[in-house]
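Trainee: make a model of this:
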Amino acid sequence: MLIRVEIPIDAPGIDALLRRSFQSDAEAKLIHDLREDGLLTLGLVATDDEGQVIGYVAFSPVDVEGEDLQWVGLAPLAVDENYRGQGLARQLVYEGLDSLNEFGYAAVVTLGDPAFYSRLGFESASRYDLRCRWPGSESAFQVHRLADDALVNVHGQVEYHDHFNRL
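Mentor: Numbering: from 1, shown residues only. Predicted structure coming up:
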């Protein structure tokens with residue numbers, strides 16, 4: 001297995017993985033649209049020995065109260081069902097966080113299972129008076145600081161690109 005930055009030839013495999021992994025094709029369409037509009041900050045794939053995409057994580061820009069603070073949103077994260085339970089999702093997220101840290105990004109937000117993401121160093125965003133636009137998502141909305149001062153004097157609404165409104 002290999003984890004690496006996605007390249008154009010991976011797009012069909014990513015699309016197929018996302019369509020298999022989620023109940024609708026919304027996540028596949030989201031990634032297609034973000035990619036087409038140049039809004040993927042980072043996309044990582046995990047491939048098997050034959051080069052097939054078995055895992056994927058994407059990061060795209062978000063604003064806080066209308067400001068670009070060098071934050072990104074993690075979404076979606078998918079692992080082929082035959083490879084789940086082996087720590088691949090954790091590895092994809094850690095690789096992404098390491099790369100984003102090296103690139104100088106300040107923080108990462110996500111909307112996901114608090115039990116999973118807290119093990120990866122994410123914290124409840126509401127602790128820092130951060131929220132997203134989707135009602136009822138307070139317990140699932142989380143933040144991970146990459147820069148020590150990322151959360152200092154930062155609060156309010158975190159805005160994802162409009163493409164996320166279709167999910």
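Trainee: residue closest to the middle of this protein?
Mentor: The centroid of the chain falls nearest to Leu74 when counting by C-alpha atoms, centre = their mean (1.6 Å).
Trainee: wait, what's in contact with that one?
Mentor: Val57, Ala58, Phe59, Val93, Gly96, Val108, Val109, Thr110, Gly112 (C-beta atoms under 8 Å, 6 or more residues apart in numbering). Bear in mind the C-beta positions are built from the backbone N, C-alpha and C, glycine included.
Trainee: can you pull out the strands in the chain?
Mentor: Here the chain has its strands, by DSSP state E, at 2-5, 42-47, 53-64, 67-79, 107-111, 123-124, 130-131, 141-145, 156-159.
Trainee: from Gly13, how far out is the residue sitting furthest away from the middle of the chain?
Mentor: The C-alpha centroid of the chain is most remote from Glu50, which lies 25.2 Å away (C-alpha atoms, centre = their mean). The gap separating Glu50 from Gly13 is 11 Å, by C-beta to C-beta, to the nearest Å.
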